[in-house]
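> got a predicted structure here, sequence first:
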Amino acid sequence: MVATGASAYSYKYFTVQFPAARPSVAHVEINRPEKLNAFIQPMWLEMRQVFDQLSSDSSVRAVVITGAGDRAFTAGLDVKQAPLELFNEKAGSDAARKAFTIRREILEFQDCLTAIERCEKPVIAAMHGYSYGFAIDLSAAADIRICTQDVRFSVKEVDIGMAADIGVLSRLPKIVGNFGWVKEVALSARIFGAEEALRVGFVNSIHDSKETLVGAALDIASLVAQKSPVAVHGTKELLNWSRDHPIAEGLRYTAVWNSAALQTGDVSTALMAGIEKRTPTFEKL
């Protein structure tokens, strides 16, 4: 038998909880508060494991991700401990072989972030305090973003001498729909706050404190978790597909997807619950 619940999720840098009052909701917390939740290589590799496991866990229907402590969601990459393998001589002096080695590393790093996007369950990123660099990459891969009033955002990579390469430059323009604004913050690495993030559409809402932020994120997740998991998974899949394809292709993919998904019993369950004015109950997916 496969273990489920919190006992099945044992990680060094992440805690995974299942609040008793929030059925089918998983709360993932980045757990390195003494370093402002800054990421080192084992953390992003572990994060991929967390979200791959949540994706296939039939007891989970929505996920919230937060950062431990009061100071930061995550301050980005830990530049003091970040791996230097990309820049050493392990591939010898041949430039082509170095390039292949670096490419493999970047692709693996990108995949660790994409694990959030490909997770079958909707992911809500609840950000507070310092939310720099990696925080933007991570939250851009999530489905919904909310923040505290005191949050501080920055697309930080140019400040460490590189172009961001793990997702933000691809995802952020599609989230906010303002290419000029994205270029400004990515080229300057300037800090921006909650009101600006709300104005451009990067976040959905602003909250007064971390406590109210986490509560709001769990409320959203709980509402989603009450819906048909067939419908929720399909909606996330179809929205992400349509974002990256022309309308005609999106419509065709939707027709193919729903030719199978509409055969679910969840449709009649939902309709009967509406007629009888009660909350429907759906089977695990």
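Looks like it came in fine.

> those helices in the stretch 51-200 of the chain, which residues are they?
Secondary structure of the stretch 51-200 of the chain, counting by DSSP state H, counting those that start in this stretch: helices at 95-118, 134-141, 168-176, 179-188, 194-200.

> which outside residues touch the second one?
Counting by CB atoms under 8 Å, 6 or more residues apart in numbering, helix 134-141 makes contact with 38-39, 44, 65, 73-77, 113-114, 116-117, 123, 125, 127, 131, 145, 153-155, 164, 166-168, 171-172, 175, all of which sit outside it. Glycine gets a C-beta too; all of them are placed from N, C-alpha and C.

> pretty sure residue 67 contacts residue 127?
Yes: at 7.4 Å, residue 67 counts as touching residue 127 under the criterion of CB atoms under 8 Å.

> so what sits against both of the two?
Residues touching both residue 67 and residue 127 (CB under 8 Å, 6+ apart) are residue 73.

> between those two, which one's more packed in?
Higher neighbour count among residue 67 and residue 127: residue 127, with 31 against 27, using other CB atoms under 10 Å.

> what sits against the nearest residue to the more buried one once chain neighbours are set aside?
In space, and not counting its chain neighbours, residue 127 is closest to residue 73: 4.1 Å by CB to CB, 6 or more residues apart in numbering. Residues near residue 73 by CB under 8 Å, 6+ apart: 30, 37, 66-67, 125-131, 135, 139, 151.

> mind redoing it with 7 Å?
Shown in contact with residue 73 (CB atoms under 7 Å, 6 or more residues apart in numbering): 37, 67, 127-129, 131, 135.

> distance check, it against residue 145.
10 Å (CB to CB, to the nearest Å).

> anything in contact with each of those two?
With CB under 7 Å, 6+ apart, residue 73 and residue 145 have common neighbours residue 127.

> any idea which residue is closest to the centre of this structure?
Central residue check for the chain by CA atoms, centre = their mean: the C-alpha nearest the mean position is that of residue 142, 2.8 Å away.
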